[in-house]
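[1] after the sequence you'll find the predicted model.
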Amino acid sequence: MTDRMHILVIDDDAQILLLMQQILGSDFNVHVFDRGEPAIQLVRDLLQQNKPIIAGFIDLMLPGVSGLEISKVLRQIDDRINVILMTGNPNFSSAEIDTDLVDHLLLIQKPFAIEEVLLQARFFQRSWLRDQDLQKQKKALKNENEEKEAIAARNQAVLETALDCIITIDSQGRIVEWNPAAERTFGYTREEIMGSRLSDTLVPHALRSAHEAGMSHYNKTHEGPILGQRIEVPAIHKTGREFPVELTVNPIILGKTRLFTAYLRDISSQRDAAAQLMLQAKALEAAANGIVITDPRGIIVWCNGAFCELTGYEETEVLGNPISVLKSNVHDKTFYRDMWETILSGQVWVGEIRNRRKSGEIYTEEMTITPVNDDEGHPTHFIAIKQDVTALRQIDEKLDRSEQNQRIINYFATSLLGSNTVDEILWDIAHNCISELGLEDAVVYLVSEDGSSLVQKAAYGSKDATDNVIKNPLVIPMGKGIVGVAAETGAPVIVQDVSKDDRYILDDMQRASELAVPILYENKVIGVIDSEHSKVNFFQEHHLQILEAIASLAANKLMRSLSMQQTEKSEEKYRSIFESIQDIYAEVDYDSGLILEISPSVERGGGYQREEMIGKPMGDYFDPPEVPAALMELLLSKGEVNDYNINLVNKAGEPRSVSFSVTLLRDADGKPEKVVGTMRDITERKKAVKQIEESEERLKTILNVLPTGILIVTPENGIIEEANPAATEIMDLSLGNILGQEVFAVLSLDNTDMLTNTESLYQEPQDVNLFRKKGDSIPLLISKIPVQIGEKKYHLLSFVDNSLQKMAEAALKTNIEMKTNFVSNLSHELRTPMTSIYGFAGTILRDENMPEAVRMDFTRIIFEESQRLTRLIENVLDLSRMEAGRMNYNMSPLQFDVIIAEALETQQVLLRDKHIQVIQNITTDPPLIEADHDSMNQMIINLISNAIKFSDPGSQITLGLSLQDGRLEFRVKDSGLGIPEKDLPHIFDKFYRVQRKGREDQGTGIGLSIVKEIIDRHGGILDVESTVGVGTEFRVSFPLISAKADPASTKGKTNNDK
Amino acid sequence: MKILVVEDESNIQHILKYNLELDGHTVDLASTGAEAMTKLNPLPDLILMDVMMPEMNGLEACLKIKSDPSTRQIPVFMITAKSQLGDIEEAFKVGADDYLTKPFDPTTLSARIEEKLERYKQSLES
């Protein structure tokens, strides 16, 4: 493979450079430049490395040196460079370019088509290659230069030694050239005669004026009747002797100069010689052989009848004409050159020559040429004696030919046996045509699939095919070119001279003749074998015959191979499908259950070998084997079963689930023949499905037991899609009333922000109240989470019943409030008695003249208030102690009636003051309870004092003590003010005093708190009943201690006075 | 001066009345805010108002008195048991003109009242 050729591109547009590189880069070495100077340097360098640039694409408009200038310089460096000027100017014409440059320039307009560029480049490449080839051929001949010189020398020698006088005169008739023969013939030396006028010297006087007239006529009109004609005229020797000459005058135009060259020959002796010869020749007249006599130039001066018979020409037709009229194209120049050299040197030439008859028929003759020399030894005539040996030769040839044909055809047939693929066949044909038939090239085309064109498939010869691969296969449309015509007509076409045949597609190769033979298969053209030759009239009958024979031999083989190719292709396709399917495809014989065919994919299943399975019963591979029978039954009735699941155990012992999709095929009689279909291992899929189901189960379970209410809502329309049991409970609605409803409708909240906010963001839990159907409302803590289930997006509302929380909060708040209140109340409670004490004492001190009674009154108040204050402080301390748990209770068995009596004692003063009567319903010998003596005392005192406080003067208080429901019950009842219902729950609160109009409450407000605390600590139960305006009853009950009562108590007096 | 004392605790009523009368003032009594509203005609020169009272506490009564253009000009001193800033603020919020805290020294009571009144009158002029 030769190096890629080098191409130059010079353009200041970078995009053009890039484009050109793209277009040409794959086929050529592209050198791009934006200016000329480096390009020029490169050309020089490459030239030195013997890697010349074959073509340059040069932008016309370049900054600095113009494209034109660069082209000139490049051509100066290497005039082989083809220059293509690129111009964007549509009006630019080549007229503006120097004439001597324009021949080597091509102009293409920008924007140019890629194909055009490529075409040009390739064209240059080919011509370059061709030139290279030619040069190589020439170089191969060692004597190239010598030959040139030899030719030149010969030419010179011819001039020098030419028998003819060669005289050149200018338009004025002056002699400007004079050869040695002329010197000899006319006696003038070159020096003497140069510059003299012809008419003055050589032309006889009588003819001078005619000569002059002819010259001037020619000068005027450029017409010269004698020009180019062979005429016999008298001429004068220097000595004045007149002698006959035969002359031909030709005009020569060198630029503006017109010259005439005359070829003269002294025919005086010739004539004589000829005359002599003629006599002799007459004898030869009758000779059977063709005889022809020519002068040294080959002009026929005499011929005999046999010659005329031989050649088919009449005597008159040939006399005076060159013998070359007989020339056939069979022999090359060397042949004739050798011949002439031989005879010109005075030797006899003997040989066989193929000549052409007048009819055009080529014939073979044996010929002897004998030169006749003059005294000086120069030939004056040639005598050629011919013997037609055509017939002989033809017979020989035919024998040879047919042998050869046979041999060739046998050879072809044999080689075709060896070729199997279409490509091999075609290439064989191409190769063999060249080698066996001596063709210069052979190309095999195949008709395209759509029949519209012929595609080059194999080519051998001087076209660009090597290694059995065509890089750029030629495509010829049907009917175009010789090839196309042969394909269209189905008949061979021989064109002996393509220049004369307009069907010929001109390409760059110098072809002269062409032969195209169609390849026919059953009268259908499937291809063409085409050969071109550099000589006209090359192709012979036998070429055609052999090619036809080859074509028909090949046709069979081709068709078979082509159709095999087709089959192979589809087979390929099916095979690749077959081999690549994931599922297992199988065919099972119905009767025997044997596996007829199974796809390779079965081997993926673990441990199966396809080969060993074929022919074995299908049941061998199932566990249990009876299962296929059940499937078969189904098949029989339905003919086709899809997605039938079977659980089987594979060869590795693993249980698999397999899905079968099979069809029952019946034969022509309708009898079941085989079962075909696919099976797919769905074990994994099943597993996956199961896993999903299990997850769903888990999820459902979680949702069901979750105490948090969950609603899944479609964001766009607020429809509830899902609700868990907790939700239904909290909302106090049935599932049916929730699902499908709008969330606004069924979840009535006091704050619908959570619901209305359609943002798909997590919403922080919010405290809201839910209004339920039965009219109540419960606090909820609700939050919203956006979720995606599958493809869809939802909002998930989750909420909990926040009641307990709220209550705890409320309790805490209350507690805090209470504590705060406690402190402020305490300070208030302390201040109040202090105010009295301070106030009254101050007033006493201030008013010196205070009446005694008033003073006594005030003092008493001070005293009482101090008491109150003390009590308060004590009570508060007690309460604090009790609450802190630091109260020490001394628990011991107590007799309650005793304690009652004790307590009552302390209240006697108050009782008397208020004239209140105490009624006692106290059981004698009450059962003992376990209690702290002092606490019990306090409790009773508080209760009784309260009763006294709130009773009207003169009313009654009843104390009761009895056994109730296994517990000891103590009761204090008054008929006093009573406690309003709204205050009842709060009476045990610290500092709680019932607001009464107009009545002072002397109490501390914590008496009942202490009572409650004591009862709680003793495990007692406290109860109160009250009616405003009627009275109040407090009831306290304590658990008994077991077994015998111990009358001896460690503390307290036994008081039997009641 | 005619002073209206509004206080539900009889002891304190007593102390205030005794001492103020000793200082030469005429004292009228009311036990609740509501009752106080009935004793505004003729207008007293000063109202001493306890805060904690049933049936309209002192703050409410003060607000009422100060809202009514016919009674607005009567100076009202609140009697607060609490001396915290918040409570004093509350008193002023409802329009009280000054305050006294319990327990108060009866010996200096009048003097202090007169002093406050003086200041009040001055503030009116400015």
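    Noted; the coordinates are in hand.
[2] out of all of them, which helix in the chain is the longest?
    Here I'm looking at chain A. Once chain A is assigned using DSSP state H, the helix that runs over the most residues is helix A:803-846.
[3] wrong chain, I was asking about chain B
    When chain B is scanned for its longest helix (criterion: DSSP H), the result is helix B:106-125.
[4] what about the helices in chain B?
    For chain B, the helices defined by DSSP H cover B:10-22, B:33-38, B:58-67, B:85-93, B:106-125.
[5] now the last one: mean pLDDT?
    Along helix B:106-125, the predicted confidence averages to a pLDDT of 84.
[6] that helix - contacts with which helices or strands?
    Packed against helix B:106-125 by the contact rule (3 or more C-beta pairs under 8 Å, 6 or more residues apart in numbering or on different chains; DSSP states H and E) you find helix A:803-846, helix B:10-22, strand B:46-50, strand B:98-101. For the C-beta atoms, the positions are set from N, CA and C on the backbone; glycine is no exception.
[7] mean neighbour count and mean pLDDT added to the ones you listed, as TSV?
    Compiled in TSV, those are given as follows (neighbours: other C-beta atoms under 10 Å in any protein chain shown; pLDDT from 0 to 100):
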stretch	mean neighbour count	mean pLDDT
helix A:803-846	16	78
helix B:10-22	20	90
strand B:46-50	26	91
strand B:98-101	18	84
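[8] which parts of the longest helix of chain B are buried?
    Burial within helix B:106-125, assessed by neighbour count using 16 or more other C-beta atoms under 10 Å in any protein chain shown, is assigned to B:106, B:109, B:110, B:113, B:116, B:117.
[9] for these, which one is nearest residue A:900?
    Within the buried residues of helix B:106-125, proximity to residue A:900 (C-beta to C-beta) peaks at residue B:106, which comes in at 43.7 Å.
[10] for the closest one, what are its contacts?
    Taking C-beta atoms under 8 Å, 6 or more residues apart in numbering or on different chains as the definition of contact, the neighbours of residue B:106 are A:838, A:839, A:842, A:843, A:846, B:15, B:18, B:19.
[11] roughly how far apart are the closest residue in space to residue A:426 that isn't next to it in sequence and chain B?
    If you skip the residues right next to it in sequence, residue A:426 has residue A:458 as its closest partner in space, 3.7 Å away by C-beta to C-beta, 6 or more residues apart in numbering or on different chains. Separation of residue A:458 from chain B (C-beta to the nearest C-beta, to the nearest Å): 114 Å.
[12] show me the beta-bridge partners of the residue nearest the centre of chain B.
    For chain B, the residue lying nearest the average C-alpha position, counting by C-alpha atoms, centre = their mean, turns out to be residue B:48 (1.6 Å). Bridge pairing for residue B:48 (DSSP bridges) gives the partners residue B:5, residue B:77.
[13] what about it, distance to residue B:12?
    According to C-beta to C-beta, to the nearest Å, residue B:48 and residue B:12 sit 10 Å apart.
[14] so what sits against both of those two?
    With contacts taken as C-beta under 8 Å, 6+ apart, the residues that reach both residue B:48 and residue B:12 are residue B:79.
[15] rewinding a little: ok, which of the helices and strands packed on helix B:106-125 comes nearest residue A:634?
    Set against residue A:634 and scored by C-beta to C-beta, the helices and strands packed on helix B:106-125 come closest in helix A:803-846, at 62.5 Å.
[16] quick one: residue A:124 is in a helix?
    Yes: with DSSP: H, G, I helix; E, B strand; the rest coil as the criterion, residue A:124 is part of a helix.
[17] got a pLDDT number for it?
    Model confidence at residue A:124, expressed as pLDDT, equals 73.
[18] do the same with residue A:55
    With respect to pLDDT, residue A:55 has a value of 83.
[19] ok, it - contacts?
    Going by C-beta under 8 Å, 6+ apart, residue A:55 touches A:7, A:8, A:81, A:82, A:83, A:84, A:120, A:121, A:124, A:125, A:128.
[20] in which helix or strand would I find the fifth one?
    Okay, so that is residue A:83. Using DSSP states H and E, residue A:83 sits within strand A:82-87.
[21] who in chain B is up against chain A?
    Residues of chain B that fall close to chain A, judged by C-beta under 8 Å from any C-beta of the partner chain: B:8-12, B:14-16, B:18-19, B:22, B:31-32, B:52, B:54-55, B:81-82, B:102-107.
[22] state the distance from residue A:558 to chain B.
    Counting by C-beta to the nearest C-beta - residue A:558 and chain B are separated by 117 Å.
[23] so, low pLDDT: which residues of the stretch 51-200 of chain A?
    Scanning the stretch 51-200 of chain A for pLDDT under 70 picks out the ranges A:88-116, A:134-163.
[24] three-state assignment of residue A:656?
    Note that with three-state DSSP, the state of residue A:656 is strand.
[25] just to revisit the earlier point, who's the residue nearest to residue A:426 bridged to?
    Under the criterion used (DSSP bridges), residue A:458 bridges to residue A:444.
[26] tally of neighbours for it?
    Residue A:458 sits with 27 neighbouring residues when counted by other C-beta atoms under 10 Å in any protein chain shown.
[27] same question, residue A:790
    Close neighbours of residue A:790, defined as other C-beta under 10 Å, add up to 5.
[28] can you pull the phi/psi pair for it?
    Note on residue A:790: its backbone torsions stand at phi 70, psi -120 [degrees, to the nearest 10].
[29] pLDDT at it, what is it?
    We note a pLDDT of 74 for residue A:790 in this prediction.
[30] in a helix, residue A:878, correct?
    Yes: the assignment for residue A:878, made by three-state DSSP, places it in a helix.
[31] doesn't residue A:957 make contact with residue A:947?
    Yes: under the criterion of C-beta atoms under 8 Å, residue A:947 lies in contact with residue A:957, with a separation of 4.8 Å.
[32] still on that earlier bit, the strand holding residue A:83 pairs with which strands, parallel or anti?
    Using DSSP bridges, the neighbouring strands of strand A:82-87 in the sheet come out as strand A:53-59 (parallel), strand A:105-109 (parallel).
[33] keeping just the C-alphas, turn that strand into CSV.
    Extracted as CSV, the C-alpha positions of strand A:82-87 are listed here (Å, rounded to 0.1, in the frame of the first residue of the first chain):
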residue,chain,number,x,y,z
ASN,A,82,-2.3,20.7,-9.9
VAL,A,83,-3.7,23.9,-8.6
ILE,A,84,-7.3,24.4,-7.7
LEU,A,85,-8.2,28.0,-7.0
MET,A,86,-11.0,28.6,-4.7
THR,A,87,-12.9,31.8,-4.9
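[34] how about the helices and strands packed on helix B:106-125 in JSON lines, adding distance to residue A:256?
    Listed next are the helices and strands packed on helix B:106-125 as JSON lines, based on distance: least, C-beta to C-beta, whole Å:
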{"stretch": "helix A:803-846", "distance to residue A:256": "126"}
{"stretch": "helix B:10-22", "distance to residue A:256": "156"}
{"stretch": "strand B:46-50", "distance to residue A:256": "148"}
{"stretch": "strand B:98-101", "distance to residue A:256": "143"}
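[35] for residue A:338, find the nearest of the ones you listed.
    Closest of those to residue A:338 is helix A:803-846, at 129.5 Å (criterion: C-beta to C-beta).
[36] how about the helices of the stretch 51-200 of chain A, start to end?
    Counting by DSSP state H, counting those that start in this stretch, the segments of the stretch 51-200 of chain A that form helices are A:67-77, A:99-102, A:114-140, A:144-161, A:180-186, A:190-193, A:198-201.
[37] hang on, the earlier thing: now do the contacts for the residue nearest to the centre of chain B.
    Remark: with contacts taken as C-beta under 8 Å, 6+ apart, residue B:48 is in contact with B:3, B:4, B:5, B:6, B:7, B:16, B:77, B:79, B:100, B:113.
[38] make sure residue A:50 is indeed in a helix.
    No: counting by three-state DSSP, residue A:50 is not found in a helix; it is coil.
[39] wait, residue A:257 sits on residue A:170?
    Yes: using C-beta under 8 Å, residue A:257 and residue A:170 qualify as a contacting pair, with a distance of 7.2 Å.
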